[in-house]
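K.L.:
sequence below, structure please.
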Amino acid sequence: MAETTKRRIVLSGASGFVGKRLVGQLAARYDEVRCLSRDPIRNLAELPATAIPLKADLLDPDSLSSVFEGAEVAFYLVHGLNESGTLLKSETTAAQNFAAAAQRAGIRRIIYLGALGTSDLDECSPHIQSRRTVGDVLRRAGVPVTEFRASVVIGNGSMPFEVIRALVERLPFMITPRWVRMKLQPISADDVIDYLLSAVETGNDENAIYEIGGQDVVSYETLLRTYERARNLRRLYVGVPVITPRLSSHWLRLVTPAHFKIARKIVESAGQDSIVKDQQASIDFPIKPVGIEEAIARAVTEDANHMLLLADRASESTNYGDCEKETVGTHFVERRSIALDAKPEFCFEVIKKLGGKHGWYWGDWLWQLRGILDQLVGGSGLRRHLTSEDGPSEGETLDFWTVERLTEGSRLTLRAEMKLPGTAWLDFQLLDDPKGTRLKQTVIFGAHGLTGQLYWAAVQPIHSIIFRNMLRHMGEAARRLQREADEIRERDRTNAP
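P.N.:
All right, here's what the predicted structure looks like:
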């Protein structure tokens with residue numbers, strides 16, 4: 001019997017916002033997904049079984065010579081803007097190299113995600129111009145290109161959506177110039193993925209450009225207000241007629257300092273409408289995009305799923321002093337871990353003794369003080385009298401936490417019940433390690449509005465000291481249990497007849 005031909009896909013930009021969402025869907029449908037990255041060990045550490053990380057630099061044609069062999073479709077999801085917002089020359093070169101290598105390997109189709117702007121090219125923002133230019137470069141190689149031009153994509157990790165989130169979450173009132181009333185047609189990240197997947201199976205062997213958007217044509221202000229309602233926040237908007245997008249983009253220095261230079265260019269693009277004019281996508285693809293209410297509700301629900309953050313990745317910290325920090329949506333995440341020369345059963349015994357009469361391994365008086373402060377603001381306090389002496393069980397009280405998850409021998413997840421301007425979790429997990437066992441600690445705080453942001457900024461330095469020392473003392477306790485067990489075993493061996 002002849003061997004069935006394997007279907008292979010090449011995916012560039014697999015570590016980006018869209019690529020991360022797309023790779024799992026592709027891996028479920030096709031035999032092999034080749035994910036390209038200059039640093040696959042760092043950027044593509046966790047992929048589905050049929051997804052293969054490959055080291056490739058789009059600026060180095062030689063590194064692309066073999067990645068397309070035997071594949072039929074390639075996704076180009078790479079984009080870069082410099083600080084001035086102009087198209088990087090290197091981006092043009094990257095697109096040329098990608099398309100040329102795809103052409104030599106006989107790739108059937110390149111699928112590219114661009115940006116939607118209704119103005120002529122010379123009137124578009126640098127962001128839109130760069131997206132259009134890359135599409136033109138890809139088409140010149142001769143491989144048929146399906147280009148999707150999308151308006152603002154609604155989803156966690158989408159930079160335009162993160163700007164909207166940051167503005168509403170962190171500013172109790174906003175000055176809204178005339179440009180926030182410009183029209184756009186936002187589209188859910190889920191619908192973008194559906195379009196990209198559908199394009200793989202298209203029978204069209206010609207170049208095609210599709211404009212895609214959601215059900216609703218709205219203004220940026222409507223988008224802000226819709227997110228505000230979804231998060232149950234209240235914000236004041238003060239309209240002014242004269243501030244330009246470039247000037248008003250300096251708001252972002254206050255609310256998105258880490259991504260200001262990129263986010264500023266996105267806001268400057270907001271001075272132009274971004275609406276679907278060509279309806280061909282609705283004819284060629286059986287996709288019914290959702291409206292902004294549903295798109296934002298999905299994003300908020302996904303953001304609230306702390307289990308996704310806990311499952312994100314294992315900490316790369318090498319000792320108790322290291323801490324990985326990141327902000328994901330409205331959540332602040334801190335990960336620490338420590339390698340222990342102790343068996344998992346002794347490490348988990350230490351985890352099970354958290355709270356109650358055993359305390360918290362370090363600074364227990366600080367935990368008691370936190371309980372008193374919680375009572376002063378109307379909370380239930382430490383509730384140590386409700387904590388079982390038999391160890392934690394799912395759903396039961398553990399001081400001012402509730403045991404949300406207990407996996408015997410490997411994991412404990414606690415949800416905070418104290419009064420907070422947000423939600424908090426504390427997670428402990430045991431992982432394999434060359435030394436024996438790695439004890440990983442994850443702290444998550446989901447901030448609610450500006451109050452939550454300020455709360456975290458105030459308490460994080462104190463929390464960092466507490467959780468770092470807690471982990472260190474937990475490690476010492478596990479090692480002590482291991483030593484005691486070794487001594488008993490050695491004594492029994494010595495005394496054996």
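K.L.:
then stretch 489-497 to PDB, C-alphas only?
P.N.:
C-alpha atoms of stretch 489-497 as PDB (Å, rounded to 0.1, in the frame of the first residue of the first chain):
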ATOM      1  CA  ARG A 489      17.600   4.300  56.700                       C
ATOM      2  CA  GLU A 490      21.400   4.200  57.300                       C
ATOM      3  CA  ARG A 491      20.800   3.400  61.000                       C
ATOM      4  CA  ASP A 492      18.500   0.600  60.200                       C
ATOM      5  CA  ARG A 493      21.000  -0.800  57.700                       C
ATOM      6  CA  THR A 494      23.800  -0.600  60.200                       C
ATOM      7  CA  ASN A 495      21.700  -2.300  62.900                       C
ATOM      8  CA  ALA A 496      20.500  -5.000  60.600                       C
ATOM      9  CA  PRO A 497      21.700  -8.500  61.700                       C
END
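K.L.:
number of nearby residues for Gly13?
P.N.:
21 (other CB atoms under 10 Å). Just so you know, the C-beta spots here come from the backbone N, C-alpha and C atoms, and that holds for glycine as well.
K.L.:
try the one 4 residues further on
P.N.:
With neighbours defined by other CB under 10 Å, the count for Phe17 comes to 19.
K.L.:
hang on, it packs against Ala150?
P.N.:
No - counting by CB atoms under 8 Å, Phe17 stays clear of Ala150, with 11.8 Å between them.
K.L.:
shaky segments in this protein?
P.N.:
Scanning the chain for pLDDT under 70 picks out 1-5, 80-88, 118-126, 203, 241-271, 312-321, 496-497.
K.L.:
who does Cys55 bridge with?
P.N.:
Actually, residue 55 is Lys. It isn't Cys. Ser37 (DSSP bridges).
K.L.:
who's in contact with it?
P.N.:
When contacts are counted by CB atoms under 8 Å, 6 or more residues apart in numbering, Lys55 touches Ser37, Arg38, Asp39, Pro40, Ser63.
K.L.:
just checking, the first one touches Pro53?
P.N.:
When you say that, I think you mean Ser37. Yes - using CB under 8 Å, Ser37 is in contact with Pro53, at 6.5 Å.
K.L.:
what touches both of these two?
P.N.:
Counting by CB under 8 Å, 6+ apart, the common neighbours of Ser37 and Pro53 are Leu44.
K.L.:
show me where the stretch 301-450 of the chain has its strands.
P.N.:
324-328, 331-340, 397-398, 401-407, 411-416, 422-433, 436-447 (DSSP state E, counting those that start in this stretch).
K.L.:
show me what contacts Phe98?
P.N.:
Phe98 touches Ser12, Leu58, Leu64, Ala74, Tyr76, Val78, Ile110, Leu138, counting by CB under 8 Å, 6+ apart.
K.L.:
repeat that for 10 Å
P.N.:
Shown in contact with Phe98 (CB atoms under 10 Å, 6 or more residues apart in numbering): 10, 12, 36, 56, 58, 61, 64, 67-68, 74, 76, 78, 107, 110, 112, 134, 137-138, 141, 143.
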